[in-house]
Each structure stands twice: as C-alpha cells, then as structure tokens.
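Peer 1: Build me a model from this:
(chains A, B, C and D)
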Protein chains: 2
Amino acid sequence: MSKSEKISNSVIRRLPRYYRFLGELLSEGFTKISSRELADRMNVTASQIRQDLNCFGGFGQQGYGYTVADLREEIGSILGVDKCRKAVLIGAGNLGRALAVHFDYKKYGCELCGIFDSDPAAAGTTTGRFVVQPMTELDSFCEKQRPEIAILCIPKSAAAEVGKRLAKLGITGFWNFTHYDIRLEDIEGAVVENVHLGDSLMALCYGLNNKSEADAPTE
Amino acid sequence: MSKSEKISNSVIRRLPRYYRFLGELLSEGFTKISSRELADRMNVTASQIRQDLNCFGGFGQQGYGYTVADLREEIGSILGVDKCRKAVLIGAGNLGRALAVHFDYKKYGCELCGIFDSDPAAAGTTTGRFVVQPMTELDSFCEKQRPEIAILCIPKSAAAEVGKRLAKLGITGFWNFTHYDIRLEDIEGAVVENVHLGDSLMALCYGLNNKSEADAPTE
DNA sequence: AGTCTTTTGTCAATATTTTGACAAAAATTT
DNA sequence: AAATTTTTGTCAAAATATTGACAAAAGACT
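Peer 2: Prediction:
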C-alpha cells in the first residue's frame, strides 16, 4: 500500500476478480504471469491490470512479470483476506440459511459467529453449526463477541430499524441483502455493501431483450 | 425506446435501482415525482436521472415532473419485467434451494420452471413447489419447456461444461453464481450475468480496512 | 390573462476511466 | 559480454461518464 492517493471504486471492484484469477492460476501450477497473459485470460487490457496494481505499488519485475503467489498474497492483504473479521447473520430465512451454510467466510477474511432471527419459531433451530438465537439476545451477544460485520437477510421493512440497532452495537460493516438500500446518512460511519439480486437478474433480462441489437453490426 | 444509440452499461445498471425506488414511492402513495426529489432520495444527481431517462425517451413533463406509476412501468418494460421468461435452476445445494424458494421471479419478469441436480441423492427431493430432477432429464425437459435462462448454482469445476451443454439446449441467458466467470467466447451469443458474492464481501472488507483513511480529511 | 415558478430535455464543461505508447529495467539468447 | 527480447511502471491521449447550466415548456398563482 505504497501510493497514498485515493483509490477509485472501479479499481477496488476489480481487485477481488484479480484475486480470484490468481488463485486459479496458482492451482493450475503457474509460478509467474505477465500482465499480458493475465489480461488475455480475464478479458481486460494489460494496461488496465498494470495501472490497477500500481495504485498499490510495483509488484512486478520488468522482463519477468509477476510472481503469481506473491501477487495474490499482496492483493489478498489489500483486501484484508488475511484478517478474520467476525460477522453476525440476521435473518434465518432461506437466503440467510444458505449464506450461513454454503458460504466459505474464511476464504474472504471473515468468520461467522452467530445467527439471529426475530421469529420466535426460528429461534432454537439449528443452521449449520449454529443455533439460531432470538433477537432479544443480540445486544448481550454483540457486547461479548464484538462482531464487525452484519449480514442482513431480513425483510425490507425491518432493514432501517435493525441497521440502526446494529450500528449502536458497534457494527461498522453491513452486507445487505435486503430489498432496501441502506444509506450512509442512516448509519454514521458505516460501510455498506448492498447486494440486490433482483437488480442483477433484471440487468440480465435487459441483455436478453436487446441481444440482437447489440450483436448486429449497428449502422 | 425512442433513442437508437447504444445505451451504456452504467446506465443499464442504474435502471433496476430506479425501478425499485419508484416502486417504493408508489407504495408510499406518491403520484408524481421530480428528478430533484428522486435524486435526493436516491443520493444521486438530478442531472443523472434526467440524462439516464432520456436515453429511452422523454417520460416527464416540464414544470410537473414524472408520473410515478407511468415511469415505473416504462422502466419495467425497458427491463422486460412485463415478460415472463422461463428459467431453469441447476444445482440444488443451499444457495440453489434458497434461490428456488426465497426468490420472487415473477417480480423480475421471470418464472422458475424446473430444478436439476447432478447428485442422484438430491434428485427426487422437493424444493419449494418443485421436485429436483436428475441431470439426465435435462435435455428432454429443455426441448419441451424451452427455458431461456439458466441459474447456475453448481461447483466451479462443472461450470464451463454445464454452460456449454445448456447453450446447446437453447439457453441464452446465464445467471451465474459459480465461482467461475463464464466467458462470452465460451458460449457464443449468450448473455451472462456473473454474481460473485465473495467479491462483494471482499469489497466490503476493503471498505472496512480503509474506513479511517476515507473518512479523515485527507491532506 | 398575464406573470411567476417549476422542471424537463439537452448541450457543453468537467471529471473520471481506460487505453495506447514508450523508456527503463531485467531476463534471455547468441 | 553484447545484443535481443520481454515486460514493467508511468505518462499522455482518447474515450466515457457525470455534472452544471439554461432555454423552452408546462403548471400555478394573482
């Protein structure tokens, strides 16, 4: 992290993808990779890769390229994958349970430490290695465990209120699967990542609607 | 869809968000909205909203603003929410099941028509209103039902192969939750929407890493 | 009916992002 | 060891995206 200027969001959004592709290369047995080769694999320009990486420092060697394992580790450290941030999951519906059981948090520098649900019927049931706890336990749990991240899988209507409550309990990172955009004004100093699967599906459908136009040689 | 120039991806990605906010306004009882008011709600500039909407035509009225219901319907039609595209879900693991049960496809112009899993143990089990079918049934199913979209919730290792198979069966839209970027070269003429939840979580963690720097008045 | 206010659609200016170009550095070949 | 090739890091140019400004149109008010 040598350069001090503000890193643009476009760059940050590309880092996880680099990290992923470098992991693939590593498991395929690659030791080194040039920006050109990586660019071909990833369908981007070599220039972009070099520019992006140089936001954080010169990880390559001229005439050689980048050492796959080293570069991956560097990017991992920039992203904080080497950390172990505690995350608490709120909402043990289908999506919540899927994210509890299916998702490999460790791989991304996180660790699930508890699951909560407001429905008294859900509380007490087991999800993965966790027993779902009632929301009444949330305060004392957070004071003990001090999780940094909350994963919100609750109905839209509850999002704003639960968000505020979690912020008061020291949560600073919100991974929000609610159909509601949590806003920064709502929760002072918080970092929010809104995941809207519906938006994603609609973007896909737009692509299908306009496929012919895009493919056809316009003009 | 009056303007004929190619719509930029940035604009398309914003459309679902407009659609969502207009839906909220509608359920809050709003009849009309000005670009300024909407911009304040959405935390964007009014200029951007007007510019975006004008890619598709003039939906507003000077001195009045936009009629919420009409604008929502226009955007919905641009996104194809008024359609009913058939989608088949491949992979009945936790995420697959969550997407089968939890997700309201109709809301986004789609309709789930079947679930498949390569694991013989999974086949036959019930997920939501569907019985999971074995992959051996996929070909005859697609020939009968003619789904347009495949939702991929399978392991990375299977993604490329299953993708090709589905493309041959007439699937043109891929909603890909696999840890593998399906590429357009792989599948000719297909529209792919890669969803990488891991990337999203890493971006959140990056934000937490660099929170202080971002907040502090730099320089 | 005329004046004032609101607000769009659009153009131009600004800002950001991406790409292309190339010198300098390191590796490889002869 | 010199020449050649590769490939980075960086700068400048080109392409995109966002924002600000404003005339023209429509509504609201007096």
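Peer 1: what about the residue of chain A found nearest DNA strand C, how many residues close to it?
Peer 2: Closest to DNA strand C within chain A is A:G63: 2.4 Å, counting by Cβ to the nearest atom of the strand. Every residue, glycine included, has its C-beta placed from N, CA and C. Applying other Cβ atoms under 10 Å in any protein chain shown, we find 6 residues neighbouring A:G63.
Peer 1: just A:Y206 next, same as before
Peer 2: There are 22 residues near A:Y206, going by other Cβ under 10 Å.
Peer 1: elements contacting the longest strand seen in chain A?
Peer 2: Ranked by residue count and defined by DSSP state E, the top strand of chain A is strand A:110-117. With contacts defined as 3 or more Cβ pairs under 8 Å, 6 or more residues apart in numbering or on different chains; DSSP states H and E, strand A:110-117 has these neighbours: strand A:85-90, helix A:94-101, strand A:130-131, strand A:133-134, helix A:138-145.
Peer 1: The last one to strand A:85-90, inter-axis angle?
Peer 2: Helix A:138-145 and strand A:85-90 meet at an angle of 170 degrees, taking axes from the mean of the first three to the mean of the last three Cα atoms, to 10 degrees as the criterion.
Peer 1: list the helices and strands helix A:138-145 packs on?
Peer 2: Judged by 3+ Cβ pairs under 8 Å, 6+ apart, helix A:138-145 is in contact with strand A:85-90, strand A:110-117, helix A:156-168.
Peer 1: Any buried residues in that helix, and which?
Peer 2: A:L138, A:F141, A:C142 (16 or more other Cβ atoms under 10 Å in any protein chain shown).
Peer 1: What degree of burial does A:V101 show, as a neighbour count?
Peer 2: 16.
Peer 1: quick one, what contacts the closest residue to it other than its chain neighbours?
Peer 2: Nearest residue to A:V101 in three dimensions, chain neighbours excluded: A:G128, at 4.3 Å (Cβ to Cβ, 6 or more residues apart in numbering or on different chains). Residues in contact with A:G128, defined by Cβ atoms under 8 Å, 6 or more residues apart in numbering or on different chains, are A:R97, A:A100, A:V101.
Peer 1: ok, which of those also contact DNA strand C?
Peer 2: Among the contacts of A:G128, not one lies near DNA strand C by Cβ under 7 Å from any atom of the strand.
Peer 1: Now tabulate those in a markdown table and tack on distance to A:E24 and pLDDT.
Peer 2: A markdown table is the format used below for the contacts of A:G128 (distance: Cβ to Cβ, whole Å; pLDDT from 0 to 100):
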| residue | distance to A:E24 | pLDDT |
| --- | --- | --- |
| A:R97 | 29 | 90 |
| A:A100 | 26 | 93 |
| A:V101 | 24 | 88 |
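Peer 1: Adding distance to A:R50 as columns, could you present the residues you listed in TSV?
Peer 2: Formatted as TSV, the contacts of A:G128 follow (distance: Cβ to Cβ, whole Å):
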residue	distance to A:R50
A:R97	42
A:A100	39
A:V101	40
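Peer 1: ok, of these, which one's closest to B:E161?
Peer 2: A:V101 (25.3 Å; Cβ to Cβ).
Peer 1: burial measure for A:T125, as a count.
Peer 2: A:T125: 14 neighbours (other Cβ under 10 Å).
Peer 1: Find me the pLDDT at it, would you?
Peer 2: A:T125 is assigned a pLDDT of 89 by the prediction.
Peer 1: try the one 10 residues further on
Peer 2: Model confidence at A:M135, expressed as pLDDT, equals 96.
Peer 1: For the residue nearest to it when sequence neighbours are not counted, which residues are in contact?
Peer 2: The spatially closest residue to A:M135, leaving aside those adjacent along the chain, is A:S118, at 4.7 Å (Cβ to Cβ, 6+ apart). If you count contacts by Cβ under 8 Å, 6+ apart, A:S118 has them with A:G91, A:P134, A:M135, A:I154, A:A158.
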